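Q: predicted model, plus sequence, below.
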Amino acid sequence: MRRAAEAEAAALPALLIAAEHLASTVQMGSHGRRRAGAGEEFWQYRPAHSGDAARFVDWRRSARSDTQFVRDREMQNAQSLHLWVDPSAAMRFTGAASGRAARPEKRDRARLLALALAISALRAGERVGLATALVPPRPGRAQLLTLAEALGAEAEAADYGTPDLSAVNPQAEAVLLSDFLGEITALETALLGAAERGIRGALLQVLDPAEEDFPFDGRTIFTSMAGALRFETREAAGLRARYRDRLAERRDRLARLAGKAGWAFSTHHTGAPAQGALLWLHGALSGGWR
């Protein structure tokens, strides 16, 4: 156990470096999280609409065209972002076969995306924490190391995980990263309960390509990562169509559940670059998915 803990601790700097690089690569910074609202700093000009008070019209800017422009100010209230990365054993899966390009474990990709998103939000002056009460949202660079250490904890013994969102602040934002292949009823309860408290956010399903393609043939023994489930078949290829249909049904149900709660939903594969998933997460929290 000590060796495992030391190995996890040694991996933290590499994970943080990778997250910093990912956040810098997509160059989100603070601009993508900015919103109009009460504040002192200028954000943007926009055409005046019916109902805008005359005192907000920028007459100097308006004089240069036939349209009246309003000078929007940037909302300066710090937002609160809560992250949940599924810690269950199922997230340790990688289907990369020997001799092929290595793919990260689902949990490693989820942790990378969560930390990169946290970096972006912290740079924007927001408070970031985990969905649990153990790591409440706080601002500042020091919070990043706290998040990395918490996310680096060993996987839980259970095959599949379910988020507990009871500690998430009302009116806050939350991002849940998981394969979402476990019991969906508990997820539905947590998500709809969060929506009732004004919490909005995004579900990102992280899957290995093998879980999508089902590239198995002949006699195959399927065992869950925690060892609680085991299934043997002599003709795995014969299960492919039925498996893919079940996976599509699960994805459709997750999308409908997210829509019902006012959340965003998408799927990311560990064989794809992480940049696309991070950009989607950022757009989902900014409202760009609507």
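A: Yep, that arrived.

Q: now do the SS call for the residue nearest to Glu235 when sequence neighbours are not counted.
A: Closest residue to Glu235 apart from its sequence neighbours, by Cβ to Cβ, 6 or more residues apart in numbering: Gly218 at 7.1 Å. No exception for glycine: its C-beta is placed from N, CA and C like everyone else's. On the three-state scheme (DSSP: H, G, I helix; E, B strand; the rest coil), Gly218 is labelled coil.

Q: and the one 3 residues further on, by the same measure?
A: For Ile221, the reduced secondary structure class is strand; criterion used: three-state DSSP.

Q: how many residues are close by the nearest residue to it once chain neighbours are set aside?
A: Of all residues not flanking Ile221 in the chain, Glu232 sits nearest, at 4.8 Å (Cβ to Cβ, 6+ apart). Applying other Cβ atoms under 10 Å, we find 10 residues neighbouring Glu232.

Q: who's in contact with the helix or strand hosting Glu232?
A: Glu232 is part of strand 230-233 when elements are defined by DSSP states H and E. For strand 230-233, contacts defined as Cβ atoms under 8 Å, 6 or more residues apart in numbering pick out 219-224, 239.

Q: one more time with 6 Å
A: 220-223 (Cβ atoms under 6 Å, 6 or more residues apart in numbering).

Q: which of those residues has the largest number of neighbours?
A: Greatest neighbour count in the contacts of strand 230-233, by other Cβ under 10 Å, goes to Thr220: 14 neighbours.

Q: Leu165 versus that residue, what's the distance?
A: In this view, Thr220 and Leu165 are 37 Å apart by Cβ to Cβ, to the nearest Å.

Q: likewise for Ala48?
A: 40 Å.

Q: what about those two, which has more around it?
A: Higher neighbour count among Ala48 and Leu165: Leu165, with 23 against 17, using other Cβ under 10 Å.

Q: mind checking which helix or strand the residue found closest to the more buried one once you drop the neighbours it is linked to in the chain is in?
A: Spatial nearest neighbour of Leu165, excluding adjacent residues (Cβ to Cβ, 6+ apart): Ala194 at 4.5 Å. Element membership for Ala194 (DSSP H and E) is helix 184-196.

Q: and the contacts of that helix?
A: Contact with helix 184-196 is made by 162-163, 165, 257, 261-262, as judged by Cβ under 6 Å, 6+ apart.

Q: pLDDT of that helix, averaged?
A: Helix 184-196 shows a mean pLDDT of 95.

Q: mind checking what helix or strand follows it in sequence?
A: Past helix 184-196, the next helix or strand by DSSP H and E is strand 200-207.

Q: which outside residues touch that next one?
A: 106, 109-110, 173-177, 179-180, 258, 262-269, 281, 284.

Q: now the buried members of these.
A: Of the members of those, the ones counted as buried by neighbours, 16 or more other Cβ atoms under 10 Å, are 106, 109-110, 173-177, 179-180, 258, 263-269, 281, 284.

Q: now do the strands in this structure.
A: Applying DSSP state E to the chain gives strands spanning 42-47, 69-73, 80-85, 127-130, 173-178, 200-207, 220-223, 230-233, 264-269.

Q: would you single out the least confident of these?
A: Taking the mean pLDDT of the strands of the chain, strand 42-47 comes last: a mean of 63.

Q: where in the stretch 1-150 of the chain is pLDDT low?
A: 1-12, 27-45, 50-52, 71-78, 97-101 (pLDDT under 70).
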